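K.L.:
The sequence and its predicted three-dimensional model are supplied below.
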Amino acid sequence: MSEQLKRQFTQRIIELQQRIDSIHKDFAGGRDADWAEQAGERENDEVLNALESEAKVEIQQLSNAIMRIDNGHYGICQQCGDEIAEQRLAVQPAALTCIQCAQ
């Protein structure tokens, strides 16, 4: 099971990195000379920056989850030491705490 999770997390990291690469290519494409177009592009840039930031956070969380799998601590609450429910991990695979400690 843990090897399967690591493969899933690694695949997701690859997808997120590809998204980041696409965002960087879009930024490198230059901007339109028209002022009205530039305003729209700036709005688009803000959205792309937010997507990139979210992707980087998720990559870090998944990388940390892989490390926890490797050292035998995946699925263990970092606050109370109890197991994190499978339902919680299914929804939030990189969860660090059980639902009680998260509240």
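P.N.:
Here it is on my side, so go on.
K.L.:
tell me the pLDDT at A85?
P.N.:
At A85, the pLDDT value in this model is 95.
K.L.:
Correct me if wrong: it contacts C98.
P.N.:
Yes: using C-beta atoms under 8 Å, A85 is in contact with C98, at 6.7 Å. For glycine as for every other residue, the C-beta is placed from the backbone atoms N, C-alpha and C.
K.L.:
between these two, which one's more packed in?
P.N.:
The neighbour comparison of A85 against C98 (other C-beta atoms under 10 Å) goes to C98, with 20 against 15.
K.L.:
quick one: that one and D82 touch, right?
P.N.:
Yes: C98 is within contact range of D82, at 5.3 Å (criterion: C-beta under 8 Å).
K.L.:
From the chain's centroid, how far away is the helix or strand of the chain with the lowest mean pLDDT?
P.N.:
Within the chain, confidence by mean pLDDT, DSSP states H and E is lowest for helix 35-70 among all helices and strands, at a mean of 86. When distances are taken as C-alpha atoms, centre = their mean, to the nearest Å, helix 35-70 is centred 8 Å away from the chain's centroid.
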